[in-house]
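Asks: Sharing a model prediction with you, sequence too.
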Amino acid sequence: MAIDARQVKELREKTGVGIMECKQALNDTGGDMEEAVKLLRKKGLSAAAKKAGRITAEGAVGSYIHAGGKIGVLIEVNCETDFVGQNDEFQALVKDLAMHIAAAEPRFVSREEVTEDILKEEREIYREQALASGKPEKVVEKIVDGKMNKFFEESCLLDQPYVKETSTTVGQMIAGMIAKIGENISVRRFVRFRLGEGLEKRQDNLAAEVEEQLKGK
């Protein structure tokens, strides 16, 4: 089957992979776009896994401000060399990740960051919910495992569906960039600010304290 330029362009836009790699993937899959995407992602994950142990001490700190100054994100993304850290594609990746965080509100970078206390608390909640709904004991753990996977998808940046292309995760998107650039890339940390976040709670506490003081008079 002849592969035309339009197909190659479409696949490149979907995956961010180079022209020749896209053309080869389409040839290997008989022009099937979905299978070609899957093939390139598998290759990207494999390439990323091989580079995972490399030290990433360069990179960039990026920022994003949204909603008229109501939401802001700071993020540090690392790579192996200063050359890549200053690269336009890498800088665009940092910006896209900051925008994603503003929209998706992850709590952690990865599953490894979730503390044992939080994991234990979440599992206990899901277990109690399953038991309360009358589910038999033998299926409760499977239900809990499924809910924990959902928790990771919602809370961990690398597990979240990427907002610009929800058919892939942020981790898979980064893996594709690793394969394309040829260097290891890692998200080290981020912080998300929302204007006034936590102030309402403090005001409620203050109101309660004033009420208690008035009662004591």
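Replies: Thanks, I have it.

Asks: ok, which stretches of this structure are helices?
Replies: With helices called from DSSP state H, the chain shows them at 5-15, 19-28, 33-51, 82-85, 88-104, 116-132, 137-155, 170-181, 199-216.

Asks: what's the closest of these to Gly69?
Replies: helix 88-104 (11.9 Å; Cβ to Cβ). (C-beta placed from N, C-alpha, C; glycine too.)

Asks: Please work out which of the helices of the chain is packed deepest.
Replies: helix 170-181 (a mean of 22; mean count of other Cβ atoms under 10 Å).

Asks: Could you tell me the angle between that one and helix 19-28?
Replies: 110 degrees (axes from the mean of the first three to the mean of the last three Cα atoms, to 10 degrees).

Asks: by contact count, what packs against helix 170-181?
Replies: On a contact count with 3 or more Cβ pairs under 8 Å, 6 or more residues apart in numbering; DSSP states H and E, helix 170-181 meets helix 33-51, helix 88-104, strand 161-162.

Asks: One more pass at 6 Å, please.
Replies: Contacts defined by 3 or more Cβ pairs under 6 Å, 6 or more residues apart in numbering; DSSP states H and E place helix 170-181 against helix 33-51.

Asks: so what are the domain limits for the chain?
Replies: 1-51, 54-114+156-217, 115-153 (automatic domain parsing).

Asks: could these go into TSV alongside mean pLDDT?
Replies: Output for the domains of the chain, formatted as TSV (pLDDT from 0 to 100):
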stretch	mean pLDDT
domain 1-51	76
domain 54-114+156-217	87
domain 115-153	92
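
Asks: quick revisit: among the helices of the chain, which comes closest to Tyr162?
Replies: Short answer: helix 170-181, nearest of these by Cβ to Cβ, at 4.8 Å.

Asks: which one of the helices of the chain lies closest to Ile65?
Replies: Ranking these by proximity to Ile65 (Cβ to Cβ) places helix 88-104 first, at 8.3 Å.

Asks: and the angle for the closest one with helix 170-181?
Replies: On the basis of the same axes, to 10 degrees, helix 88-104 is oriented at 170 degrees to helix 170-181.

Asks: ok, back up a step: looking at the helices of the chain, which is closest to Ala57?
Replies: Across these, Ala57 has its closest neighbour in helix 82-85 (9.5 Å, Cβ to Cβ).

Asks: distance between that closest one and the chain's centre?
Replies: Distance of helix 82-85 from the chain centroid (Cα atoms, centre = their mean, to the nearest Å) equals 22 Å.

Asks: Packing partners of that helix?
Replies: Looks like helix 82-85 contacts strand 58-66 (3+ Cβ pairs under 6 Å, 6+ apart).

Asks: quick one, the strand it packs on and helix 88-104 angle?
Replies: Using the same axes, to 10 degrees: strand 58-66 against helix 88-104 is 40 degrees.

Asks: what comes up buried for strand 58-66?
Replies: Glu58, Gly59, Ala60, Gly62, Tyr64 (16 or more other Cβ atoms under 10 Å).
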